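In: Quick one: sequence and predicted model below, then my questions.
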Amino acid sequence: MMRKRIAAATFAALLVASAAHAESVMMSPDWAVGMCKAWNADATLTQALMDSGWVKNNKGRGFKVMQIYREDCAESPRIELRVAEKDGKATCVYGGKAETKLDSDADYLMWAATPQWTEMGRGDYGPMRAMFFRRLHFDGPMNEAMSNMGPFEGFLLLVGKVPGQTNACPSK
C-alpha cells in the first residue's frame with residue numbers, strides 16, 4: 001500500500017514538473033506573462049522609455065498598450081502588454097490576453113508571421129528593416145516609435161528571449 005502511494009506521489013510530482021517546464025505557445029496569454037517579466041528585467045526598456053517620456057503618452061489611462069499577434073494564426077486571440085510608470089521606470093504591469101481598446105495616438109498594434117517573429121527575436125534584423133520590407137506590420141504613433149528605435153529593437157529581441165512553441169497557434 002505504501003509503495004502505491006509513493007509511486008502515485010512520484011508520478012504526480014513528475015506531471016507537475018513537466019508541466020512547469022513545458023513552454024507556452026508563442027503569443028499566448030501565458031507567454032505574454034513571460035514577456036512582461038522579461039520586459040521588467042531589461043534596463044533599456046524600463047529606463048530608456050521612461051527617460052524619453054514614451055510611457056507618459058498614455059491618454060490619461062495611466063498605461064500604454066502594445067497588442068501583438070502572429071499573422072499566420074488568424075483565429076488566435078491577440079495578446080497585450082500594458083506599460084505604466086512605476087517607481088521611476090517604464091514597467092510592464094500586465095501581460096495577457098488583449099482587453100484594451102487601442103488608441104492609435106498612444107498604443108501599438110504589431111503583427112508578423114511566425115518565422116519573422118522568430119527572426120526578429122534572434123536579432124537577424126531590427127524594426128526599421130522589418131517594417132521597410134513589410135515583415136513587421138505596425139499601427140500606432142509612428143513618430144514616437146521612430147524616436148525610440150533602440151528600445152523598440154529591444155522589445156523585438158524579447159520575443160527571442162521568452163521561450164515559446166511555434167509549431168502550434170495560441171488557442172482561444
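Out: In hand now; what should we look at? Please read all numbers here as calculations on a predicted model, not as lab measurements. Residues are numbered from 1 along each chain as shown.
In: Report how many residues lie close to residue 62.
Out: The local packing of residue 62 (other Cβ atoms under 10 Å) involves 12 other residues. Placement of C-beta: from N, CA and C, glycine included.
In: Isn't it up against residue 84?
Out: Yes: with contact defined as Cβ atoms under 8 Å, residue 62 counts as touching residue 84 (5.6 Å).
In: And the nearest residue to residue 85 once chain neighbours are set aside, its phi and psi?
Out: Excluding the flanking residues, the one nearest residue 85 by Cβ to Cβ, 6 or more residues apart in numbering is residue 55, at 5.1 Å. Per-residue torsions, residue 55: phi -70, psi -20 (degrees, to the nearest 10).
In: pLDDT wise, what is residue 55 at?
Out: The score at residue 55 is 97. That number is its pLDDT.
In: and stretch 90-98, how far out from the chain's middle?
Out: 8 Å (Cα atoms, centre = their mean, to the nearest Å).
In: CA-only coordinates of that stretch in CSV, if you can.
Out: What follows is stretch 90-98, C-alpha atoms only, in CSV (Å, rounded to 0.1, in the frame of the first residue of the first chain):
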residue,chain,number,x,y,z
ALA,A,90,8.5,52.1,-17.6
THR,A,91,7.2,48.9,-16.0
CYS,A,92,5.2,46.2,-17.6
VAL,A,93,2.2,45.8,-15.3
TYR,A,94,0.1,43.3,-17.3
GLY,A,95,0.8,40.6,-19.9
GLY,A,96,-2.0,38.5,-21.1
LYS,A,97,-5.0,38.4,-23.4
ALA,A,98,-5.9,41.6,-25.2
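In: Which stretches in the protein count as strands?
Out: 64-70, 79-86, 89-97, 108-112, 137-139 (DSSP state E).
In: mind checking how far the shortest one is from the chain centre?
Out: Same thing as strand 137-139. Distance, centroid of strand 137-139 to centroid of chain: 15 Å (Cα atoms, centre = their mean).
In: Could you list every helix and strand in contact with that strand?
Out: strand 108-112 (3 or more Cβ pairs under 8 Å, 6 or more residues apart in numbering; DSSP states H and E).
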